[in-house]
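Enquirer: Could you look at this predicted model? Sequence included:
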Amino acid sequence: MADNESKFRWDEWRTENNEAFRQALNKTGVRERLFGEKFIEGLEKRRDALDSRLQKAFLVQLTVSLLLAMALLSPEMSIGIVGLSAKAGTFREILLLILGSLQAYTMMPAIEQSRINDALQVYIEREAAEDVTVLRLLKLRYGLGVDIKMPEFANRAMSKWQKIRLILSVVGFVLWLLTYFAAMFAVELLGAVSILRTPSISLSISIILCVYLVLVTITNIFIRAISGIGARAD
């Protein structure tokens, strides 16, 4: 690779925007005129509104996923949704449509929330002036997460019970994450396969719905990737 070629990073745009904001904050006149306490309060309110919206969408997604799982496991069971009562299997297409639409619904709010968090992070880093303790407390103040540091285990004595607790905690956390994401993906995948094999409405509609799910999922992943969500923006 040539020396003048730099390594590609998904978070390049985020990093450039953060650096531009950091430089703007260093200009006293601009900071006092535009980026005062009211600006930060406005960012917090907007971030809180987006967070509430995303949390509600997550609860709906979880509920719909559970209903879809029930429809796949017990398709003959009778259930009622929004005043409609029928066999659980007949709601598969509707539930899959809701799951796909939720991805589209939360796509842009998640990106906007990420941008607001970036701006707040740049702001508090400047306010902390490289003081690690102040930065940690400001992160708590603005809801930017808690710094978690693993304790040093090298050359330190641990009781048998402490070792068991540590192993169980790590294994349990990893299994919970894997189970959650695998279950959510599996429910949608099995639901798509199910409506293609035994459609409740028509095969054509089932095919269109599956294409819609695939396109929404790919678009969601692509938009989040090029926006740098999940990557570290320095």
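Expert: Received, thanks. What you see is a predicted model; the values in this text were computed from it and never measured. Residues are numbered from 1 along each chain as shown.

Enquirer: quick one: the strands in the protein?
Expert: For the chain, applying DSSP state E gives strands covering 78-81, 84-87.

Enquirer: Quickly, which of those bottoms out on average pLDDT?
Expert: The minimum mean pLDDT among the strands of the chain belongs to strand 78-81 (a mean of 68).

Enquirer: quick one: low-confidence parts of this protein?
Expert: 1-6, 80-84, 146-151, 153, 230-234 (pLDDT under 70).

Enquirer: how about the residue of it most remote from its centre, phi and psi?
Expert: For the chain, the C-alpha farthest from the mean C-alpha position belongs to Ala157; by CA atoms, centre = their mean, that distance is 38.2 Å. Torsion angles at Ala157 (phi, psi; degrees, to the nearest 10) stand at phi -80, psi 130.

Enquirer: For the closest residue to Met158 other than its chain neighbours, the count of nearby residues, please.
Expert: Closest residue in space to Met158, ignoring its immediate chain neighbours: Leu166 at 7.6 Å, by CB to CB, 6 or more residues apart in numbering. Quick note: C-beta positions are derived from backbone N, CA and C, even for glycine. Neighbourhood size, Leu166 [other CB atoms under 10 Å]: 14.

Enquirer: can you check Asn18 too?
Expert: When neighbours are counted by other CB under 10 Å, Asn18 comes out with 19.

Enquirer: cool, Leu168 as well?
Expert: 10.

Enquirer: Pick out the residue closest to the middle of the chain.
Expert: The centroid of the chain falls nearest to Ala110 when counting by CA atoms, centre = their mean (6.8 Å).

Enquirer: Just confirm it contacts Arg53, I think it does.
Expert: No - the pair Ala110 / Arg53 is not scored as a contact, 9.7 Å apart, by CB atoms under 8 Å.

Enquirer: Run through the residues that contact Ile223.
Expert: Neighbouring residues of Ile223 by CB atoms under 8 Å, 6 or more residues apart in numbering: 107, 111.

Enquirer: quick one: the residue nearest to the centre of the chain from Leu72, how far?
Expert: Distance, Ala110 to Leu72, using CB to CB, to the nearest Å: 27 Å.

Enquirer: Next: Gly36.
Expert: Taken as CB to CB, the span from Gly36 to Leu72 is 54 Å.

Enquirer: Then Gly228?
Expert: 35 Å.

Enquirer: The two: which is more packed in?
Expert: Neighbour count, other CB under 10 Å: between Gly228 and Leu72, Gly228 has more, with 21 against 18.

Enquirer: Thanks again, I'm all set now.
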